[in-house]
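Student: I need the structure of the sequence given here:
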Amino acid sequence: IPDGSAGKEISIRLMSAYKIDPQAVCRSLFIGEMSLFMPLLLWRDIPNMIFSTIYLALGFICIFMPAFFAIRKKKISKEVYLSFLYLGSFIILAACWVITDSSILQWFTGNISAVAHVSFLLFMLMPVPFILFVRQNKTHCARILDVLSLLLIVNFAVCSALHFLRLIPLAKTIVATHALLLSCVLVLLVISIREVFVYRNREMGGILAGLILLALTCVTAIAVFYIYPNFGLYSAVFQLGLFGFILSLGSMLYKRMESMLQENMKTSLYRKFAYIDTLTGLGNRRAFEEEQDTIQAEAERYFTERLTYVLMDINDLKRTNDHFGHAEGDRLIKRAAVCIEDAFRSLGVCYRVGGDEFVIIIHRQPQLVVDAAFTALREAVEENNDGDDIVLELAHGYAVKQKNEEFDAEAMYRIADRRMYEDKAKKKLHSCV
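Tutor: The predicted model follows:
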């Protein structure tokens with residue numbers, strides 16, 4: 001503005017390549033240095049910046065949440081993983097739409113038209129990941145949801161093509177887009193109500209509550225858009241509804257994830273108990289047989305490895321049960337398990353495979369180490385017997401597969417079992433003498 005223009009009128013003419021009401025495109029006009037108006041713009045766009053920051057944080061949390069659980073070695077289903085991915089994508093698109101719908105980005109870039117176009121395109125594309133999210137959380141009407149997603153993508157592609165070919169501007173297609181979005185919301189409401197009240201799908205309850213809130217705000221925002229086109233209130237109304245909608249979805253997905261993790265924990269505990277002997281805490285016969293099958297199936301891998309099978313048996317357990325009762329017999333088994341595990345824990349896995357029978361599978365340990373473990377076992381048994389009226393005595397036998405020898409699980413078990421009974425006979429003979 002030249003000097004000496006104070007008090008004079010300035011005429012500004014807005015021109016567009018399209019037949020669009022200038023007031024619908026340009027609601028505010030500032031003349032002067034940008035630094036003078038920046039505080040006003042920042043203050044006016046504080047809600048947008050807050051919402052967009054929250055949305056971006058929530059979106060990336062949703063997308064990276066499955067990776068976090070993978071690092072923590074907590075399994076989640078494919079459906080839950082895709083739910084996080086779709087919800088995160090929806091929230092990030094919402095954050096980008098909020099940013100591009102604000103005036104502050106237009107000022108920073110200096111390209112109002114491009115930012116407005118991006119905002120339109122994001123608004124058209126935003127419902128697609130949400131519909132995919134709903135599809136992952138329901139069991140019926142999947143084809144209808146696929147059709148809705150396809151219609152939204154086709155609308156996005158057609159409107160974009162018409163705009164960039166300079167046939168129909170995006171601003172002229174917004175009515176069709178609004179009508180399609182309202183139709184999608186209504187269809188989703190019907191599907192959600194049907195899922196909740198007909199199919200008793202409780203997971204859809206959170207989606208239904210969010211959809212009702214979003215539907216009300218959508219209708220309100222669109223009404224405001226057409227009744228007060230020059231005030232920009234529709235964006236604020238829609239953002240409030242969108243924020244409540246996202247919170248509702250996030251709460252629903254969190255509850256689902258929490259329930260799934262609890263089920264996984266229960267399953268893990270059940271699986272663990274299925275392989276543990278409840279009396280001693282050692283591996284049970286099922287765990288031993290699966291380990292043996294694994295070694296047999298991977299015989300080539302263990303071909304160059306030294307492998308030792310140790311079998312143990314409690315002498316005179318039946319006499320203990322008959323004379324002192326089964327409670328004392330169980331206590332004797334527990335005492336034996338403690339001694340065996342203390343001596344062999346660092347060498348291999350200990351299993352209780354029968355009433356009084358134990359097995360240890362030892363990988364890659366030389367004979368000297370195995371002999372040292374038997375010495376530690378004898379010392380542990382002697383210490384355990386000190387001051388106890390019921391004497392614990394263990395018979396043992398072992399078989400060794402040397403390096404570069406073929407592995408035969410049954411043969412090794414048979415050899416170790418035979419040597420154990422030979423040791424048992426020797427100890428009984430010694431006690432008689």
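Student: how about the nearest residue to residue 94, chain neighbours excluded?
Tutor: Of all residues not flanking residue 94 in the chain, residue 55 sits nearest, at 5.2 Å (C-beta to C-beta, 6 or more residues apart in numbering). No exception for glycine: its C-beta is placed from N, CA and C like everyone else's.
Student: where's the one you found relative to residue 147, distance?
Tutor: 28 Å (C-beta to C-beta, to the nearest Å).
Student: One more: residue 175?
Tutor: As defined by C-beta to C-beta, residue 175 lies at a distance of 21 Å from residue 147.
Student: Same question for residue 181.
Tutor: Using C-beta to C-beta, we find residue 181 at a distance of 15 Å from residue 147.
Student: Next, count neighbours for the spatially closest residue to residue 321 that is not a sequence neighbour.
Tutor: The shortest distance from residue 321 to any residue other than its chain neighbours is 4.0 Å, reached at residue 329 (C-beta to C-beta, 6+ apart). The number of residues packed near residue 329 is 21, by other C-beta atoms under 10 Å.
Student: Rounded mean pLDDT for stretch 266-286, please.
Tutor: The pLDDT scores in stretch 266-286 average 83.
Student: ah, wrong one, I meant stretch 176-187
Tutor: Regarding stretch 176-187, the rounded mean pLDDT is 87.
Student: Give me the distance between residue 341 and residue 155.
Tutor: Per C-beta to C-beta, residue 341 is found 67 Å from residue 155.
Student: How about residue 393?
Tutor: Taken as C-beta to C-beta, the span from residue 393 to residue 155 is 83 Å.
Student: Identify the residues contacting the host helix or strand of residue 154?
Tutor: Assessed by DSSP states H and E, residue 154 sits inside helix 142-164. The contact list for helix 142-164, computed with C-beta atoms under 8 Å, 6 or more residues apart in numbering, reads 117, 120-121, 124-125, 127-128, 131-132, 134-135, 138, 168-170, 173, 176-177, 180, 184, 187-188, 191.
Student: Same check on stretch 69-88?
Tutor: Here stretch 69-88 makes contact (C-beta under 8 Å, 6+ apart) with 58-63, 65-66, 129-130, 132-133, 136-137, 249-250, 253, 256-257, 260-261, 264.
Student: Could you list which of these belong to helices?
Tutor: Judged by DSSP state H, the contacts of stretch 69-88 include 58-63, 65-66, 129-130, 132-133, 136, 249-250, 253, 256-257, 260-261, 264 as members of helices.
Student: picking that back up, just the buried residues of the contacts of helix 142-164.
Tutor: Taking 16 or more other C-beta atoms under 10 Å as the criterion, what is buried in the contacts of helix 142-164 is 117, 120-121, 124-125, 127-128, 131-132, 134-135, 138, 169-170, 173, 177, 180, 184, 187-188, 191.
Student: how about the helices in the stretch 151-300 of the chain?
Tutor: For the stretch 151-300 of the chain, the helices defined by DSSP state H, counting those that start in this stretch cover 170-197, 204-227, 233-274, 285-297.
Student: Helix 285-297 and the third one, what's the angle between them?
Tutor: Interaxial angle of helix 233-274 relative to helix 285-297 (axes from the mean of the first three to the mean of the last three C-alpha atoms, to 10 degrees): 90 degrees.
Student: so helix 233-274 versus helix 204-227, what angle?
Tutor: Interaxial angle of helix 233-274 relative to helix 204-227 (the same axes, to 10 degrees): 170 degrees.
Student: so what does helix 233-274 touch, helix or strand wise?
Tutor: helix 46-71, helix 78-100, helix 204-227 (3 or more C-beta pairs under 8 Å, 6 or more residues apart in numbering; DSSP states H and E).
Student: Between residue 181 and residue 147, which is the more surrounded one?
Tutor: residue 181 (18 against 13).
Student: quick one, what contacts that one?
Tutor: Taking C-beta under 8 Å, 6+ apart, we find residue 181 in contact with 127, 218.
Student: ditto for residue 334
Tutor: By C-beta under 8 Å, 6+ apart, the residues touching residue 334 are 279, 280.
Student: Residue 314 too?
Tutor: By C-beta under 8 Å, 6+ apart, residue 314 lies in contact with 332, 333, 336, 356, 392, 393, 394.
Student: ditto for residue 414
Tutor: Applying C-beta under 8 Å, 6+ apart, no residues contact residue 414.
Student: Give me the buried positions along the helix or strand hosting it.
Tutor: Assigned by DSSP H and E, residue 414 belongs to helix 409-432. Neighbour-count burial for helix 409-432 flags 409, 412, 413, 415, 416, 417, 419, 420, 423, 424, 427 (criterion: 16+ other C-beta under 10 Å).
Student: Starting from residue 220, give me the distance back to the closest residue to the fourth one other than its chain neighbours.
Tutor: In this structure, residue 415 finds its nearest non-sequential neighbour in residue 399, 3.8 Å apart by C-beta to C-beta, 6+ apart. Between residue 399 and residue 220 the distance is 80 Å, computed by C-beta to C-beta.
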